[in-house]
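> Here is a sequence together with a model predicted from it:
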Amino acid sequence: MPTNKIEIKNLTVDYTERGKKFNALHDVSFGVGAGEFVSVIGASGC
């Protein structure tokens, strides 16, 4: 069974803009194996 080189568990990212709090990510978990390429793309394409 392959093992992950990078493992993300229960990641949550919040930010505040103009006094308003936004939740960008909530409880995200994933693993990246050797030789894999991963990108996270949001609504704006960034």
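Noted; the coordinates are in hand. Remember, predicted model here, so these are calculated numbers, not experimental data.

> Looking at strand pairing, list the partners for G31.
G31 has the following beta-bridge partners by DSSP bridges: E7.

> Correct me if wrong: it contacts E7.
Yes. Contact status for G31 versus E7: in contact at 4.6 Å, counting by Cβ atoms under 8 Å. Bear in mind the C-beta positions are built from the backbone N, C-alpha and C, glycine included.

> Which one of these two is surrounded by more residues?
With neighbours defined as other Cβ atoms under 10 Å, G31 and E7 compare such that G31 has more, 14 against 11.

> how far away is N10 from L25?
10 Å (Cβ to Cβ, to the nearest Å).

> can you check V13 too?
Distance check for V13 against L25: by Cβ to Cβ, it reads 4 Å.

> try G42
9 Å.

> how many other residues sit next to G42?
8.

> related to what we said a few turns ago, comparing N10 and L25, which residue is more hemmed in?
Of the pair N10 and L25, L25 is the one with more neighbours under other Cβ under 10 Å, namely 12 against 8.

> didn't that one look like it was pressed against Y15?
No. Using Cβ under 8 Å, L25 is not in contact with Y15, being 10.2 Å away.

> now N4: how far from G33?
6 Å.

> Could you do G45 as well?
From G45 to G33 the distance is 25 Å (Cβ to Cβ).

> Neighbour count: these two, which is higher?
G33 (12 against 5).

> Correct me if wrong: the more buried one contacts T3.
Yes. Counting by Cβ under 8 Å, G33 touches T3, with 7.5 Å between them.

> V28: neighbouring residues, count only.
13.

> Spit out the contact partners of it.
I8, N10, L11, T12 (Cβ atoms under 8 Å, 6 or more residues apart in numbering).

> Mind putting those residues into a markdown table with pLDDT, secondary structure and distance to K20?
Shown next, in a markdown table, are the contacts of V28 (pLDDT from 0 to 100; DSSP: H, G, I helix; E, B strand; the rest coil; distance: Cβ to Cβ, whole Å):
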| residue | pLDDT | secondary structure | distance to K20 |
| --- | --- | --- | --- |
| I8 | 93 | strand | 26 |
| N10 | 97 | strand | 24 |
| L11 | 95 | strand | 21 |
| T12 | 96 | strand | 17 |
